[in-house]
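1. okay, predicted coordinates and the sequence, questions at the end:
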Amino acid sequence: MFNKIIKLIIAAGLIALAIYQFTEGFIGNGIMFLLLSTIFIFLYFKNEIILLAFLRLRKQDFEGAKKWLDKIKNPEAALVKKQQGYYNYLHGLMVSQTNMNEAEKYFKKAIALGLSMKHDLAMAKLNLAGIAFSKRRKLEAQKLLNEAQKLDKQGMLTDQIKMMKQNMKRATGPNQHYGAGASLRAQKRRG
């Protein structure tokens, strides 16, 4: 893995070499160097380690994804801001299976750093809503759930959002044994 600055330096060097090849009359070599520089420019915006971790996560291989993410030693220096968001997002997805407190930190940090795709942002907010609901912070969970629903334009998370809303309704149902729901005999005694 190259540092983000090194990727830009290599791309600039390849572009300079392409320009030199164009001036010398070697058009084919210049085009090849320009195409090669686009790979490094692409990898500046989309980190290769994060892409490989996403592929592992798609196959439900959490251990493989963790191994790839562990190769990034210093995310602040090696990654662009959005890539840091995805780094935390992936960690949050993996950790959410075992430790909700740590997953909440990762998801909040990912949202703060920013995610480029609205679907990923909706998924992070949906996970945060689930964590907040399990910690009995219902107002925060409802707010995050509404934000996730607004972000889910393509309807990929509609089933999960509906299920979460149903669970929240069941949990906030009225308790019959408190207040006016007393038996008829008790109401006659009062009246």
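-> It's in.
2. neighbours of Ile9, just the number please.
-> When neighbours are defined as other C-beta atoms under 10 Å, Ile9 has 12 of them. In short, each C-beta sits where N, CA and C put it, glycine included.
3. next up, the contacts around the residue nearest the centre of the chain.
-> With distances taken as C-alpha atoms, centre = their mean, Tyr89 lies nearest the centre of the chain, 3.6 Å away. Going by C-beta atoms under 8 Å, 6 or more residues apart in numbering, Tyr89 touches Tyr106, Phe107, Ala110, Leu115, Asp120, Ala124.
4. how near is it to Ile161?
-> As defined by C-beta to C-beta, to the nearest Å, Tyr89 lies at a distance of 18 Å from Ile161.
5. Met32 too?
-> Met32 is 48 Å from Ile161, where distance means C-beta to C-beta.
6. between those two, who's got more neighbours?
-> More neighbours surround Ile161 than the other of Met32 and Ile161, with 18 against 15 (other C-beta under 10 Å).
7. what strand or helix carries the closest residue to Phe33 other than its chain neighbours?
-> Excluding the flanking residues, the one nearest Phe33 by C-beta to C-beta, 6 or more residues apart in numbering is Ala18, at 3.7 Å. Element membership of Ala18 [criterion: DSSP states H and E] is helix 4-24.
8. and after that helix, which helix or strand comes next?
-> Immediately after helix 4-24, counting by DSSP H and E, sits helix 27-45.
9. could you dump that next one to PDB, C-alpha only?
-> Taking Å, rounded to 0.1, in the frame of the first residue of the first chain, the C-alpha atoms of helix 27-45 are listed here in PDB:
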ATOM      1  CA  ILE A  27       2.500   8.800 -29.000                       C
ATOM      2  CA  GLY A  28       1.800   5.200 -28.000                       C
ATOM      3  CA  ASN A  29       4.100   5.300 -25.100                       C
ATOM      4  CA  GLY A  30       2.700   8.600 -24.000                       C
ATOM      5  CA  ILE A  31      -0.900   7.200 -24.000                       C
ATOM      6  CA  MET A  32       0.300   4.200 -22.100                       C
ATOM      7  CA  PHE A  33       1.900   6.400 -19.400                       C
ATOM      8  CA  LEU A  34      -1.300   8.500 -19.200                       C
ATOM      9  CA  LEU A  35      -3.400   5.400 -18.700                       C
ATOM     10  CA  LEU A  36      -1.000   4.100 -16.100                       C
ATOM     11  CA  SER A  37      -1.200   7.500 -14.200                       C
ATOM     12  CA  THR A  38      -5.000   7.200 -14.100                       C
ATOM     13  CA  ILE A  39      -4.600   4.000 -12.000                       C
ATOM     14  CA  PHE A  40      -2.700   5.900  -9.300                       C
ATOM     15  CA  ILE A  41      -5.200   8.800  -9.400                       C
ATOM     16  CA  PHE A  42      -8.000   6.300  -9.000                       C
ATOM     17  CA  LEU A  43      -6.200   4.600  -6.100                       C
ATOM     18  CA  TYR A  44      -5.800   8.000  -4.500                       C
ATOM     19  CA  PHE A  45      -9.600   8.400  -4.300                       C
END
